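1. I would like to see how this sequence folds:
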Amino acid sequence: MLQRFSQALMNQISQSILCTNLHRIDRRLARWLLMTHDRAGTDEFELAGILQKAALIRYSRGTLTVVDRNRLEASSCECYAVVKKESERLLQA
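-> Below you'll find the model as predicted:
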């Protein structure tokens, strides 16, 4: 399991490097939001609270809600689907 997790992580890192060099920022942001949504386990999550508390950034209201996941996936670059599919394959129990 540890070896499969390591492989999934390496795939994600490699895909992220490619993504950063190939895709527009809006598509990369959609990918990042989808990955965060996967890990948060909820449609609403607070953003950047630690950075704001440290006075590194300012933002208003601070909570992001994923309203239409299907459209968010459609606006993301293909990197999200590549990493998700490979991670699911490697990490199936």
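
2. Quick one: residues contacting the residue most central in space within the chain.
-> Among the residues of the chain, the one closest to the centroid is M35, at 2.4 Å (Cα atoms, centre = their mean). Applying Cβ atoms under 8 Å, 6 or more residues apart in numbering, we find M35 in contact with Y80, V83. For every residue, glycine as well, the C-beta is placed using N, CA and C.

3. Same question for L34.
-> Counted by Cβ under 8 Å, 6+ apart, L34 has contacts R69, L72, E73, S76, Y80, K84.

4. So V66 is in contact with L47, correct?
-> No. Contact criterion Cβ atoms under 8 Å: V66 and L47 do not qualify, at 11.9 Å.

5. Tell me which helix or strand in the chain has the weakest average pLDDT.
-> Least confident helix or strand of the chain, by mean pLDDT, DSSP states H and E, is helix 49-53 with a mean of 72.

6. just checking, next helix/strand downstream of that helix?
-> strand 63-65 (DSSP states H and E).

7. remind me, longest helix of the protein?
-> helix 2-22 (DSSP state H).

8. The residue nearest to the centre of the chain and L29: what is the separation?
-> For M35, the distance to L29 (Cβ to Cβ, to the nearest Å) stands at 11 Å.

9. how close does R28 get to S6?
-> R28 is 24 Å from S6, by Cβ to Cβ.

10. out of these two, which sits in the more crowded spot?
-> Set side by side, R28 and S6 show more neighbours around R28, with 18 against 11, by other Cβ atoms under 10 Å.

11. Do you know the pLDDT at T63?
-> Predicted confidence (pLDDT) at T63: the value is 71.

12. just checking, it touches F45?
-> Yes. Using Cβ under 8 Å, T63 makes contact with F45 at a distance of 7.3 Å.
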